Every structure is written in C-alpha cells, then in structure tokens.
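Undergrad: Based on what follows, work out the 3D shape:
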Amino acid sequence: MSRSLFVAAGLVYVAGAIGMEMVGSAYASVHTTVNAVYAMLIVTIEETLEMLGLVLFVYTLLSHIGARGMSFGLYVSSANPEFATVDFDRRSASSKQRRAPPNERRRRAPTGAAR
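TA: Reported below is the predicted structural model:
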C-alpha cells in the first residue's frame with residue numbers, strides 16, 4: 001500500500017511541476033498576449049498539484065512509520081507559557097525589556113515608574 005502511495009505522490013508532484021509547466025509554455029507560445037485569467041489558472045493548478053503531491057508524500061511517510069509500530073511526535077513547550085514570546089527586536093540585549101502579554105499590559109506600571 002505504501003509503495004503505491006509513494007509512487008502516486010511522486011506522479012502528482014511531477015505532473016504539477018513538469019506537466020503544467022509544459023501546458024503553460026504551450027499556452028504562452030500560442031497566445032502572444034498574456035491573459036491573466038488563464039495564466040493564473042495554469043499557475044494555480046501547477047502549484048496545487050505540487051502541494052498535493054507533497055502532502056500525499058508526508059501522509060504516506062507518516063502512515064508507513066505508524067504501520068511499523070513506531071511513532072513520531074513534535075512537542076513544543078516553554079518553562080512559562082504565559083510569557084513565551086519571540087523577540088525580533090534588533091536592539092542590544094541590555095536595552096531589551098520583557099513585554100507582558102496583551103491582557104496584562106494595561107495593569108502593569110511602566111518600567112522605571114514609581115509604584
């Protein structure tokens with residue numbers, strides 16, 4: 001079962017990547033003016049087939065792993081999930097301040113203010 005799904009995933013991906021690329025270039029060679037509707041339709045079908053092939057491949061891979069009695073898990077955690085944030089600020093580490101979650105920003109006094 002997995003072998004046929006792996007082959008199907010590859011065929012769907014290649015049909016999108018190469019097959020629709022050939023359709024798009026044939027369309028471009030016949031039509032001298034670019035028609036946005038047809039051009040977007042061809043590109044959308046191409047990208048959809050590529051993504052569908054990739055999703056089918058991942059599904060098949062995880063099903064194959066599960067059928068062999070193995071498991072796969074992805075766990076993301078934080079020591080304190082309430083304050084878990086990603087800081088993309090480019091200031092130096094000494095000038096960065098930890099930001100409170102949006103629901104607590106109104107309750108806290110500004111940093112450095114008298115309490």
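Undergrad: residues of the helix or strand that residue 40 is a member of that come out buried?
TA: According to DSSP states H and E, residue 40 maps onto helix 36-67. For helix 36-67, a neighbour-count test (16 or more other C-beta atoms under 10 Å) marks 42, 45, 46, 49, 50, 53, 56, 57, 60 as buried. C-beta here means a position set from N, CA and C on the backbone, and glycine is covered the same way.
Undergrad: And for stretch 17-35?
TA: Quick answer for stretch 17-35 (16+ other C-beta under 10 Å): 20, 24.
Undergrad: What is the end-to-end distance of it?
TA: 21 Å (C-alpha to C-alpha, to the nearest Å).
Undergrad: could the buried residues of helix 36-67 go into TSV alongside distance to residue 16 and pLDDT?
TA: TSV is the format used below for these (distance: C-beta to C-beta, whole Å; pLDDT from 0 to 100):
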residue	distance to residue 16	pLDDT
42	11	88
45	7	93
46	5	92
49	3	95
50	4	95
53	6	96
56	11	96
57	12	95
60	17	94
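Undergrad: List the residues that contact residue 61.
TA: Not one residue lies near residue 61 by C-beta atoms under 8 Å, 6 or more residues apart in numbering.
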